[in-house]
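Visitor: Give me the fold of what follows.
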Amino acid sequence: LALTSLEIVLGIDNVVFLAILAGRLPPERQARARRVGLLLAMLMRLGLLAAAYWIMKLQTPFATIPVVEIELSGKSLILLAGGLFLIAKATMEIHHTVEEGGAHRQNPGVRPGLGRKAASFTGVLVQILLLDLVFSLDSVITAVGMTSNYWIMATAVVAAVGVMLLFAGPIARFVHKHPTMKTLALAFLVLIGVLLVAEGAGRHLPRGYIYFAMAFALGVELVNMRAGLRRAGTGPDVSAPGGS
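Guide: As a prediction, this is how the structure comes out:
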């Protein structure tokens, strides 16, 4: 249960980014992309768990950059590449979101999302798999650190992916329904990318602070959304009988 909970927590950023990437596809293909992406992520994690001994060896340094005293290992290279890719991709998505939002405000007849070329299903899956590989490293290392029993690890991974499959649709609809929430989610992913780059460079940042900042920002945005709904309320109709 503890490992399943950790796998779910470690998979939240994966689900959010998957929802944003799948959102570039036509509506009728988005659900399929989310399902296929999560199932491929599950298979990848199960495969990595089976090769856990090799994964743990990736943490062994093979070189050192003397000027900045950074030890390079297989894991650090993957984290550096994945973190930089996540920062670049999330930044590009923020740019597209802001640009499309501005174009939509200037011309309300144009639907957001139609200003750029639609992504291909295969292209989105490739990007999902690349990020799955990076996110899977933390998942596998956490699992191996808690138990050496493959079936316990595999059961936790399958259960966590099942939960993510269950909530991927509602999360995707919520993110795309609220543009400010989508921008906030992308900002979270930039922050996670920075965290991955720092870890790849051997600079450990306590994740508790990162997750607290994300939770606080999310809470503020939910309050703003609630206040916006109240301001948009019509209130009692004074023209109706008994109105005040």
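Visitor: buried set for stretch 88-100?
Guide: 89-90, 93-94, 96-97, 100 (16 or more other C-beta atoms under 10 Å). To be clear about C-beta, it is placed using only N, CA and C from the backbone, and glycine gets the same treatment.
Visitor: Which strands or helices does the helix or strand where residue 16 lies pack on?
Guide: Using DSSP states H and E, residue 16 sits within helix 2-22. Helix 2-22 sits against helix 27-50, helix 74-106, helix 121-146, helix 150-177, helix 179-200, with contacts defined as 3 or more C-beta pairs under 8 Å, 6 or more residues apart in numbering; DSSP states H and E.
Visitor: what's the spacing between the helix or strand hosting residue 212 and its chain's center?
Guide: Using DSSP H and E, residue 212 sits within helix 207-232. Mean C-alpha position of helix 207-232 versus that of the full chain (C-alpha atoms, centre = their mean, to the nearest Å) differs by 17 Å.
Visitor: Check which residues of that helix are buried.
Guide: Neighbour-count burial for helix 207-232 [16+ other C-beta under 10 Å]: 214, 221.
Visitor: Closest one to residue 16 out of the buried residues of stretch 88-100, please.
Guide: For the buried residues of stretch 88-100, the minimum distance to residue 16 (C-beta to C-beta) is 10.1 Å, reached by residue 90.
Visitor: Skipping adjacent residues, who's closest to the closest one in space?
Guide: Nearest residue to residue 90, sequence neighbours excluded (C-beta to C-beta, 6 or more residues apart in numbering): residue 189, at 4.1 Å.
Visitor: Please list all residues in contact with the one you found.
Guide: Contacts for residue 189 (C-beta atoms under 8 Å, 6 or more residues apart in numbering) come out as 13, 16-17, 20, 86, 89-90.
Visitor: If any of those residues are buried, give me the ChimeraX selection for them.
Guide: Listed next is the ChimeraX selection for buried residues among the contacts of residue 189, using 16+ other C-beta under 10 Å:
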select :13,16,17,20,86,89,90
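Visitor: Check the contacts of residue 189 for the minimum pLDDT and say which it is.
Guide: When those are compared by pLDDT, residue 13 scores lowest at 75.
Visitor: How about it, nearest residue that isn't a chain neighbour?
Guide: residue 192 (5.2 Å).
Visitor: where's the one you found relative to residue 122, distance?
Guide: 25 Å (C-beta to C-beta, to the nearest Å).
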